[in-house]
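Model the following, please.
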Amino acid sequence: MRIGIVARLDMVETIELAEELIDFFISKNVEVALDTSLVNELGSFHERSADIKDMDVDIIVAIGGDGTILRTQKFVNGKKIPLFGINMGTVGFLTEIDPEDTLSAMEEVLAGNYFVERRTQLRVCHDGELPSALNEVVMMTRMPAKMLHIEISVDDEVVEELRADGLIVATPSGSTAYSMSAGGPIVDPRVEAFIIVPICPFKLAARPIVVSNQSKIKVKLLRKGKKAIAVIDGQFEEEINYMDEVIFKKSDTFAYFVRLTKDFYKRVREKLTEGGITS
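The predicted structure is shown next:
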């Protein structure tokens, strides 16, 4: 088995855990490739350095939070390399284990006691194709306290026209992220759906909508002189102008995750009980 390792670089703990993992895999005679930025931080293992997008590995271990997972997925999108997340962030909903369980979990992975979960992504188009979204796309104004005037269509039928602080189009994976905080439902990742959630709409009847992931969702900016930005998974920004259309469809590519258990609802209870706040 070939293992790639990426890590959040702004925490000493993640760097230390990465070193521990490297030593563990080397002791098991496992071929290891390390993200170039991680090698630069470590100051060693230069012979194992590789850009994430060029890694030819069976699994990538991502040490960090959901942000680390999302950034890594952008580089490996379309390559079908599953990610194994070790939670060193706040909530870490996309991650699989906590740091104290790292070595025992890796023993299970090396023994083949895992399965690969496939997650749906959003294809996003605006004057051409943009990066896919694993969690969500958020449309908002560049200036705080300003509202957008938008039209939402599903399969060319106008569903809603409203003024709001913004709009979220999310996958089931993103249903436990910003979408949930904005009042959207939690959706089991096995459900073939997308979620449309207005952010603070100036309209009592405007509510979150769950639509088939076979649908084409179209969002049009109606207010002249107003610009918006579309933020994809918190990683990529695109400027949207008056009468521009942003189109969302199910992506042809998926995200893949190494899982040891199928306890989705247990994870929901554990991760969301304290809202990411620990003492």
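
What segments of the stretch 51-200 of the chain are helices?
Counting by DSSP state H, counting those that start in this stretch, the stretch 51-200 of the chain has helices at residues 66-76, 102-110, 178-181.

Could you say which one of these comes nearest to T120?
For T120, the closest of the helices of the stretch 51-200 of the chain is helix 66-76, at 12.6 Å, according to Cβ to Cβ. Where you see a C-beta, it was placed from the backbone N, CA and C, and this is true even at glycine.

same for the closest one, what does it pack against?
strand 2-7, strand 59-64, strand 83-87 (3 or more Cβ pairs under 8 Å, 6 or more residues apart in numbering; DSSP states H and E).

try it again with 7 Å
Counting contacts by 3 or more Cβ pairs under 7 Å, 6 or more residues apart in numbering; DSSP states H and E, helix 66-76 is packed against strand 59-64, strand 83-87.

Can you give the distance of the shortest one from its chain's centre?
Distance of strand 83-87 from the chain centroid (Cα atoms, centre = their mean, to the nearest Å) equals 12 Å.

That strand packs against which elements?
By 3+ Cβ pairs under 7 Å, 6+ apart, strand 83-87 packs against strand 59-64, helix 66-76, strand 245-259.

again, only using 6 Å
strand 59-64 (3 or more Cβ pairs under 6 Å, 6 or more residues apart in numbering; DSSP states H and E).

Okay, angle between the strand it packs on and helix 66-76 too, please.
Inter-element angle recorded for strand 59-64 and helix 66-76: 150 degrees (by axes from the mean of the first three to the mean of the last three Cα atoms, to 10 degrees).

so what strands line up beside strand 59-64?
Paired neighbours of strand 59-64 in the sheet (DSSP bridges): strand 2-7 (parallel), strand 83-87 (parallel).

mind listing what's buried in the shortest one?
The one in question is strand 83-87. 83-87 (16 or more other Cβ atoms under 10 Å).

ok, the nearest residue to L70 once chain neighbours are set aside - contacts?
Nearest residue to L70 in three dimensions, chain neighbours excluded: D233, at 4.6 Å (Cβ to Cβ, 6 or more residues apart in numbering). D233 is in contact with 70, 133-135, counting by Cβ atoms under 6 Å, 6 or more residues apart in numbering.

quick one: Q73 from G85, how far?
According to Cβ to Cβ, to the nearest Å, Q73 stands 10 Å off from G85.

sorry, back to before: any chance of the buried residues of strand 83-87 in TSV, plus pLDDT?
TSV is the format used below for the buried residues of strand 83-87 (pLDDT from 0 to 100):
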residue	pLDDT
L83	98
F84	97
G85	96
I86	96
N87	93
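
Just say which of the helices of the stretch 51-200 of the chain is most tucked in.
Ranked by average neighbour count under the criterion mean count of other Cβ atoms under 10 Å, these are headed by helix 66-76 at a mean of 22.

picking up where we left off before, who wins for proximity to S49 among the helices of the stretch 51-200 of the chain?
It's helix 66-76; of the helices of the stretch 51-200 of the chain, that one is closest to S49 (Cβ to Cβ) at 14.8 Å.

Could you give the average pLDDT over stretch 54-67?
Mean pLDDT, stretch 54-67: 95.

Could you give me the buried positions within it?
55, 57, 59-67.

quick one: it to chain centroid distance?
13 Å.

contacts for that stretch?
1-8, 14, 17-18, 33, 68-69, 72, 81-86, 88-89, 92-94, 258.

Can you dump the C-alpha atoms of it in CSV for me?
The C-alpha trace of stretch 54-67 is given here as CSV (Å, rounded to 0.1, in the frame of the first residue of the first chain):
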residue,chain,number,x,y,z
ASP,A,54,0.9,14.5,-8.4
MET,A,55,0.6,11.9,-5.6
ASP,A,56,0.3,8.4,-7.0
VAL,A,57,-1.0,6.7,-3.8
ASP,A,58,-3.8,4.4,-2.6
ILE,A,59,-4.9,6.6,0.3
ILE,A,60,-4.1,10.1,1.5
VAL,A,61,-4.1,10.7,5.2
ALA,A,62,-5.2,14.3,5.9
ILE,A,63,-4.3,15.6,9.4
GLY,A,64,-6.4,18.7,10.3
GLY,A,65,-10.0,19.7,10.2
ASP,A,66,-12.6,19.9,7.5
GLY,A,67,-10.7,22.7,5.8
